[in-house]
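K.L.:
Sequence plus the predicted model coming up.
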Amino acid sequence: RGLALGLFALALLAKPAAIACLPLVLLWDQRPWREKWLRYAPWALLAVACVLLAKQFQPDAQQEYVPSLVERAWISLDALGSYTQNLLVPLDLCADPGRSPSRVLAQLDLARLALAPLLALVLLLWDRQPQRVGFALANSFCALLPVLGWVSFGFQNTSTVADRYAYLALLGPALWISQRQQRLSQLAIAQGLLACAG
């Protein structure tokens with residue numbers, strides 16, 4: 001337990017977005033909630049300290065535009081739509097998608113806003129085991145939660161989304177595919193390893 005807590009602290013010092021590990025660990029741990037909260041209370045304290053420290057170094061005053069709470073909800077849905085679109089059609093990936101909060105709010109794309117909830121609904125209806133879909137979706141959402149725009153951060157001046165924020169969130173689709181198609185996922189993993197080795 002102490003080693004895991006220490007590694008979590010180091011991860012937070014390396015990148016505050018590692019705060020996503022806390023909801024992921026809570027999701028994966030099968031203990032009753034009361035036990036989980038007691039077990040991971042030190043993790044939560046570290047996470048809160050990290051948020052406060054990060055906000056001290058990246059205050060809202062440094063933001064070109066600080067959205068209201070309602071606007072943050074639109075920005076969050078737009079970000080989820082962007083990540084979903086990139087997952088389904090991984091074209092035009094780039095370091096700077098240019099989706100700053102002011103630009104997102106000025107050009108609200110209703111199709112993009114509806115994309116993530118629509119895909120979630122389709123998967124829940126299509127899969128015979130909705131709990132499997134729910135677990136995969138929860139993994140992706142937990143991984144993206146720190147960077148969805150609910151809390152302002154420095155890179156938002158440039159864009160509310162970035163490909164690198166989706167790395168950990170891709171665990172969700174990977175889990176869903178591996179549970180549905182074990183042979184296909186094993187083949188894909190083998191191909192991926194060969195490609196990386198090459």
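P.N.:
Cool, the structure landed.
K.L.:
Please enumerate the helices of this protein.
P.N.:
In the chain, the helices defined using DSSP state H lie at 2-14, 21-28, 33-39, 41-57, 69-88, 101-106, 110-126, 130-144, 171-180, 182-197.
K.L.:
Of all these, which one comes closest to Asp163?
P.N.:
Closest approach to Asp163 among the helices of the chain is made by helix 69-88 (7.0 Å; Cβ to Cβ). Every residue, glycine included, has its C-beta placed from N, CA and C.
K.L.:
Please compute how far that closest one lies from its chain's middle.
P.N.:
Centroid displacement of helix 69-88 relative to its chain, using Cα atoms, centre = their mean, to the nearest Å, is 11 Å.
K.L.:
which stretch among the helices of the chain comes nearest Trp150?
P.N.:
Closest approach to Trp150 among the helices of the chain (Cβ to Cβ): helix 69-88, 5.4 Å.
K.L.:
now that closest one: mean pLDDT?
P.N.:
The average of the pLDDT scores along helix 69-88 is 90.
K.L.:
Helix 171-180 and that helix, what's the angle between them?
P.N.:
50 degrees (axes from the mean of the first three to the mean of the last three Cα atoms, to 10 degrees).
K.L.:
Kindly export helix 69-88 (C-alpha atoms) in CSV.
P.N.:
Coordinates of each C-alpha in helix 69-88 appear next as CSV, following Å, rounded to 0.1, in the frame of the first residue of the first chain:
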residue,chain,number,x,y,z
LEU,A,69,-20.1,26.6,-14.9
VAL,A,70,-22.7,26.1,-17.6
GLU,A,71,-20.1,26.9,-20.3
ARG,A,72,-17.8,24.3,-18.7
ALA,A,73,-20.5,21.7,-19.2
TRP,A,74,-20.6,22.5,-23.0
ILE,A,75,-16.8,22.5,-23.2
SER,A,76,-16.7,19.1,-21.4
LEU,A,77,-19.3,17.6,-23.8
ASP,A,78,-17.4,19.0,-26.8
ALA,A,79,-14.1,17.5,-25.5
LEU,A,80,-15.8,14.1,-25.0
GLY,A,81,-17.2,14.4,-28.6
SER,A,82,-13.7,15.3,-29.9
TYR,A,83,-12.1,12.3,-28.2
THR,A,84,-14.9,10.0,-29.4
GLN,A,85,-14.5,11.3,-33.0
ASN,A,86,-10.8,10.7,-32.9
LEU,A,87,-11.4,7.2,-31.6
LEU,A,88,-13.9,6.3,-34.4
